[in-house]
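J.: Dropping the sequence and predicted coords here.
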Amino acid sequence: MAKIEKVELGMVDLVPKVKRTDAIQSFVSQETPIVTITDADGAVGIGYSYTIGTGGSSVMRLLIDHLVPRLIGRDADRIEAIWHELEFASHATTIGAITAIALAAIDTALWDLRAKKQGLPLWKLAGGARESCPLYTTEGGWLHIEAEALVEDALAAKAKGFAGSKVKIGKPHGAEDFSRLSAVRKAVGDDYEIMTDCNQGFAVDEAIRRAERLRDLDLAWIEEPLPADDIDGHIRLNRSTATPVAVGESLYSIRHFREYMQRGACSVVQVDVGRIGGITPWLKVAHMAEAFDMPVCPHFLMELHVSLTCAVPNGKYVEYIPQLDDLTGKKMRIENGRALAPSEPGIGIDWDFDALKARSIGEFNVTVTEKGL
């Protein structure tokens, strides 16, 4: 047993490399909380999570004031016990994004620490189902991009061996979405997947109407068509269309996922480590999805999700959106359109500590060595 002796906190703010727009918002920054845990043996684990531009300071205050002080003196290998204790300690703010993002940064660091001490890459420690997973790209499919550019990006991705491309939908009229997607389908042929993402932009009747119009394009899925808390609406939509319905990036509890699956409100599970609260609950959702014969295609965080998608038997796709290029040395390895699971012990992210230091926001650089309440 090695107890936690020190926890270092920081946050960097990353500007997206390309303009990112969807049906309800535009991304202007990516706040990245980072947690570094050191145990009594001197072993170090590093974890992180993210926001899409708001809430980062609140996440950091929750970590600094309430969660991290509880880690000091704990056995770092008791990840399950720590996760539940921290969730209970913050029960007044759960279930929701701020708490989940904070828990995820801690939990990911603990798994990184465990994997390094056991000399295993995360994908093997968490299950070891396969060594690689197919990629689909989102970075060239944002809502503001014209049809010609969508086609060009999809053809380039197909040529690299990618399995598919995601195109954002939610134009003012369904005819615009249909036109853009039809152009892509005509160009890439029938042997290439087209995913769509609504970003919770529709009411249920409009979602049903648009899904019906897009039926003949044989889409891989329609993602987040409705507000995430409208389970009954998702049930109606899922029953009305042959196109799979994907949800997950805006769900923050394993029980939310259970209800979606149990009630037939989705067909594809997009559980996100940063939104569900870490690797510990992510794995539970993935295994639950296996019991419902549903694929797991996690949202975002490709540098981390490649390991988890490879860990479970129902991991289907990794979403290609480069996130950490400016903060890391080695990048995610890709061969013939497939993401390769990292071979190094830990979560497989090669942090550039000079870059982290240079981009760190000073007020959140905190080191905790004393136990809190």
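T.: Great, that's in hand. Numbering: from 1, shown residues only.
J.: how far does stretch 205-220 stretch from start to finish?
T.: Between the opening and closing residues of stretch 205-220 lies a distance of 21 Å (Cα to Cα, to the nearest Å).
J.: Now that stretch: buried residues?
T.: For stretch 205-220, the neighbour count (16 or more other Cβ atoms under 10 Å) marks 207-208, 210-211, 214, 217, 219-220 as buried. No exception for glycine: its C-beta is placed from N, CA and C like everyone else's.
J.: Please apply the same query to stretch 240-255.
T.: Of all the residues in stretch 240-255, those buried under the rule 16+ other Cβ under 10 Å are 241, 243-254.
J.: same thing with stretch 118-127?
T.: Neighbour counts over stretch 118-127 (16+ other Cβ under 10 Å) mark 120-127 as buried.
J.: Sitting in helices, which of those residues do you find?
T.: When DSSP state H defines the helices, the subset of the buried residues of stretch 118-127 inside them is 122-125.
J.: from these, which single one is nearest residue 363?
T.: Set against residue 363, the nearest of those by Cβ to Cβ is residue 122 (31.0 Å).
J.: any chance of the buried residues of stretch 205-220 in CSV, plus pLDDT and secondary structure?
T.: Output for the buried residues of stretch 205-220, formatted as CSV (pLDDT from 0 to 100; DSSP: H, G, I helix; E, B strand; the rest coil):
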residue, pLDDT, secondary structure
207, 98, helix
208, 98, helix
210, 97, helix
211, 97, helix
214, 97, coil
217, 98, helix
219, 98, coil
220, 98, coil
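J.: Check the residues you listed and tell me the two furthest apart.
T.: Taking Cβ to Cβ, no two of the buried residues of stretch 205-220 sit farther apart than 208 and 220, at 18.6 Å.
J.: The chain: helices as residue ranges?
T.: Ranges of helices in the chain, per DSSP H, are 56-62, 79-89, 97-118, 122-125, 147-159, 174-188, 204-213, 231-240, 254-262, 273-276, 279-291, 302-311, 353-359.
J.: of the buried residues of stretch 205-220, closest to residue 226?
T.: Of all the buried residues of stretch 205-220, the one sitting nearest residue 226 is residue 207; the distance, using Cβ to Cβ, is 5.7 Å.
J.: So that closest one sits against residue 235, correct?
T.: No - under the criterion of Cβ atoms under 8 Å, residue 207 makes no contact with residue 235, lying 12.0 Å away.
J.: domain assignment for the chain?
T.: The chain resolves into domains spanning 4-119+352-368, 123-340 when parsed by automatic domain parsing.
J.: Run the chain-centre distance for the longest one.
T.: Relative to the centre of its chain, domain 123-340 is centred 10 Å away, using Cα atoms, centre = their mean, to the nearest Å.
J.: Next, the distance between the ends of it.
T.: Between the opening and closing residues of domain 123-340 there is a gap of 10 Å (Cα to Cα).
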